[in-house]
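*Asks:* Give me the fold of what follows.
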Amino acid sequence: MEFLVTMTTSVPPGTSDETIADVRRREAENSKRLVAQRSLFRLWRPPLAPGEWRTLGLFAAANADELETVLASMPLRIWRTDEVEPLSPHPNDPALVGVGTGSEFLATMVVAVPDGTTEAAAQDRFGREAERARELADQGHLRRLWALDAPVAVHRTLGLWNASDPVELGTIVEALPLHPWMTVATTELSPHPSDPARLA
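*Replies:* This is a model prediction of the structure:
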């Protein structure tokens, strides 16, 4: 299973610079070990408020208990809280690894089929969405796609996208066949110094 983990670190007041540097060094070493055992795939930094340490990580584990063991092994965990989002396979996932060109974005898309839509019309639109996803993957814009838990009749997906800037990503998303039924929340990502895909 894959998991998206939001890791927020709060260093206690009065912690020495030497202690912080030591924990960060050990965290980077541990990240390399987790990559080698295929528990950690990617790390990003979302937009940060002043004084905030926050990292998004793409992890793999057999289950939630195994993931907790992985997260507990990380030295920064002494100062950190973690929010875990289980990720399920998505039928349109291109499963592209590594880093594409341009900027990376995470986009959560919630699709609600309007009342009164026939099954045939819905299937047609979802079929066109799958075709467009393959085209965008071939162009390097769509890197990964996961299904998220959602109520019945609602489809939630998380996508890892590449675009030159937020305007280009907005243009891409607005042209999706499902966009009229979709609400989108986008997070622009910054490189993380320990991101396995950038160190490879």
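*Asks:* which residues of this protein score low on pLDDT?
*Replies:* 199-200 (pLDDT under 70).
*Asks:* just how off-centre is stretch 34-43 within its chain?
*Replies:* Relative to its chain's centre, stretch 34-43 lies at 14 Å (CA atoms, centre = their mean, to the nearest Å).
*Asks:* May I see the buried residues of that stretch?
*Replies:* Leu34, Val35, Ser39, Leu40, Phe41, Arg42, Leu43 (16 or more other CB atoms under 10 Å). In short, each C-beta sits where N, CA and C put it, glycine included.
*Asks:* wait, is Met109 part of a strand?
*Replies:* Yes - membership of Met109 in a strand is supported by DSSP: H, G, I helix; E, B strand; the rest coil.
*Asks:* my guess is it meets Thr186, correct?
*Replies:* No - Met109 is beyond contact range of Thr186, at 9.3 Å (criterion: CB atoms under 8 Å).
*Asks:* Domains in this protein, by residue range?
*Replies:* 2-87, 90-190 (automatic domain parsing).
*Asks:* where along the protein do the strands fall?
*Replies:* Remark: strands assigned in the chain by DSSP state E are 2-9, 40-45, 53-60, 80-89, 103-112, 142-148, 154-163, 182-191.
*Asks:* would you list the ones you listed in JSON lines and tack on distance to Arg128?
*Replies:* Formatted as JSON lines, the strands of the chain follow (distance: least, CB to CB, whole Å):
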{"stretch": "strand 2-9", "distance to Arg128": "26"}
{"stretch": "strand 40-45", "distance to Arg128": "29"}
{"stretch": "strand 53-60", "distance to Arg128": "28"}
{"stretch": "strand 80-89", "distance to Arg128": "21"}
{"stretch": "strand 103-112", "distance to Arg128": "13"}
{"stretch": "strand 142-148", "distance to Arg128": "15"}
{"stretch": "strand 154-163", "distance to Arg128": "14"}
{"stretch": "strand 182-191", "distance to Arg128": "13"}
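*Asks:* So for Ala197, which of these sits nearest?
*Replies:* Closest approach to Ala197 among those is made by strand 40-45 (5.5 Å; CB to CB).
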